[in-house]
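Chemist: Give me the fold of what follows.
(one chain, ligands or ions: 2)
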Amino acid sequence: MSAASGLVTIGEAMALVAAAQTGGWAHHRDLELSVAGAELNVAVGVRRLGRPATWISRVGADGFGELMLRELRAEGVDAVAAVDDTRPTGLMVKERPNSLHTRVRYYRAGSAASALTAFDLPLERIQRAAVLHVTGITPALGPGPASAVQLAVDTARAAGVTVSLDVNYRSALWSRSDAGESLTPLVKQADVLFAGPEEASLIVPEADPEDMAYRLAELGPQQVVIKMGADGAVSLIDGELRRTPAIPVQVVDTVGAGDAFVAGYLTELMEGAGADRRLATAVAAGAFACTALGDWEGLPTRADLPALQATEAVHR
Ligand SMILES: Nc1ncnc2c1ncn2[C@@H]1O[C@H](COP(=O)(O)OP(=O)(O)OP(=O)(O)O)[C@@H](O)[C@H]1O
Ligand SMILES: O=C(O)C(=O)C[C@H](O)[C@H](O)CO
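Modeler: Ligands and ions are numbered 1, 2, ... in the order given. Modelled structure (predicted):
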């Protein structure tokens, strides 16, 4: 399959150090090393569901960057990433103080990906994509990454490529007012918009998810999806309002569920599927992501999807 049938996404991924047990670092020092980043998670999710995916970024000339590129190769994601020998790959640390909470800390200031600029973009790949997916994390990394996202979106729109935006507000990176101001113009340029209710309220004043969806659609996106965790999603797609329940699962770790949901939705969009099917695959992928530690390791392939309906937990 060519990139023309696939997703292109841009963003930072980090090495992910996660506690292997609950209890906090002071008591349990076992850790697991992986990689994660919202856009990388989406690229892996799309690829697992069967569509081509390209991930554009920068990594450090270090073991973490090497690990990231290896993982992406193993997943079949096409990585277009400059290796920067002056800056490190960013790091994210995920601690589980108890079974109820996950605490995430970033060590990403001055990272290779925060030096991303418009010069890192292979514009012809964006022009040939089926969907360009960006998130509100990248503009928060600095003026270089913000200008790269803007150019990517402008390029996609000029080429008639569908633009997808996940608001993905990260309070450790910027204030709500800065995020609202910077992301509103991007929302207006998006065809598909994903946001949680708290994130949507950065852009519009409404408090009710259905009202938010209508107000966001007035800004431009024909497809607005409000992700609501265990409550599923509210969407306004081509003028039609839907409530899609989540699929109940035994939750291990919800971080990355939103990216899985986006991957499910966008894969079906690229397949030409209708809104009901896009949302069904989105909630299924979101549920899968909740069942495993790690941001993307638990993401499903097509063959995995029916397992959510299975009644027996052990298959022999
Ligand atoms: N506890 C859960 N049980 C079942 N499905 C869930 C659960 N949490 C999330 N999901 C599924 O995943 C989707 C996205 O989750 P959520 O709304 O938490 O996204 P998010 O806040 O963007 O996540 P993140 O930024 O951590 O990736 C939900 O709409 C739902 O379909
Ligand atoms: O928060 C970020 O910047 C990340 O990209 C890290 C995680 O992988 C992401 O939050 C999961 O959606």
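
Chemist: At the contact with ligand 2, which residues of this structure appear?
Modeler: Contacts of the chain with ligand 2, taken as C-beta under 6 Å from any ligand atom, map to 36-38, 41, 92, 137, 170, 255-256, 258-259, 295. All C-beta atoms are positioned from the backbone trio N, CA, C, and that covers glycine.

Chemist: and those residues, which two are the farthest apart?
Modeler: With C-beta to C-beta as the measure, no two of the residues of the chain next to ligand 2 lie farther apart than M92 and G258, at 15.4 Å.

Chemist: which of the residues of the chain next to ligand 2 lies closest to ligand 1?
Modeler: Closest approach between the residues of the chain next to ligand 2 and ligand 1, by C-beta to the nearest ligand atom: G258, at 2.0 Å.

Chemist: ok, and which of the residues of the chain next to ligand 2 reach ligand 1?
Modeler: Okay, of the residues of the chain next to ligand 2 touching ligand 1 (C-beta under 6 Å from any ligand atom), that's 255-256, 258-259.

Chemist: Output the set of residues of the stretch 201-316 of the chain in proximity to ligand 1.
Modeler: Checking the stretch 201-316 of the chain against ligand 1 by C-beta under 6 Å from any ligand atom, the hits are 227-230, 232-233, 246-247, 249, 251, 254-259, 261, 283, 286-287, 290.

Chemist: if I look at the residue found closest to T22 once you drop the neighbours it is linked to in the chain, how far off is ligand 1?
Modeler: Excluding the flanking residues, the one nearest T22 by C-beta to C-beta, 6 or more residues apart in numbering is R96, at 4.5 Å. Look at R96 and ligand 1: by C-beta to the nearest ligand atom, to the nearest Å, they are 14 Å apart.

Chemist: So R96 sits against T102, correct?
Modeler: Yes. If you go by C-beta atoms under 8 Å, R96 and T102 touch, sitting 5.6 Å apart.

Chemist: show me the contacts for R70.
Modeler: Applying C-beta atoms under 8 Å, 6 or more residues apart in numbering to R70 gives no contacts.

Chemist: Next one, pLDDT for it please.
Modeler: R70 carries a pLDDT value of 98.

Chemist: same thing with the one 5 residues further on?
Modeler: Here the pLDDT value assigned to E75 is 98.

Chemist: residues contacting the nearest residue to D154 once chain neighbours are set aside?
Modeler: Spatial nearest neighbour of D154, excluding adjacent residues (C-beta to C-beta, 6+ apart): Q189 at 7.8 Å. By C-beta under 8 Å, 6+ apart, the contact list for Q189 reads 153-154, 157, 163, 165, 220.

Chemist: Please check the residues you listed and keep the buried ones.
Modeler: 153, 163, 165 (16 or more other C-beta atoms under 10 Å).

Chemist: Closest one of the contacts of Q189 to ligand 2?
Modeler: L165 (14.1 Å).

Chemist: circling back to that earlier point, can you give me the mean pLDDT across the helix or strand encompassing the residue nearest to T22?
Modeler: Secondary structure from DSSP states H and E places R96 in strand 91-98. Per-residue pLDDT over strand 91-98 has a mean of 90.

Chemist: so which residue of the stretch 51-200 of the chain comes closest to ligand 2?
Modeler: Residue of the stretch 51-200 of the chain nearest ligand 2, by C-beta to the nearest ligand atom: I137 (4.4 Å).

Chemist: how many neighbours does that residue have?
Modeler: Counted with other C-beta atoms under 10 Å, residues neighbouring I137 total 22.

Chemist: Write a ChimeraX command that selects only the buried members of the residues of the stretch 201-316 of the chain next to ligand 1.
Modeler: To isolate the buried ones among those in ChimeraX, judged by 16+ other C-beta under 10 Å, type:
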select :227,228,232,233,246,247,249,255,256,257,258,259,261,283,286,287,290
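
Chemist: Tell me which of the residues of the stretch 201-316 of the chain next to ligand 1 fall in strands.
Modeler: 227, 233 (DSSP state E).

Chemist: Go through the residues of the stretch 201-316 of the chain next to ligand 1 and flag which are in helices.
Modeler: Secondary structure from DSSP state H places 257-259, 261, 283, 286-287, 290 of these in helices.

Chemist: follow-up on the earlier one: restricted to strands, list the contacts of Q189.
Modeler: Using DSSP E, these in strands are 163, 165.

Chemist: Tell me which two of the contacts of Q189 sit farthest apart.
Modeler: Taking C-beta to C-beta, no two of the contacts of Q189 sit farther apart than D154 and G220, at 14.2 Å.
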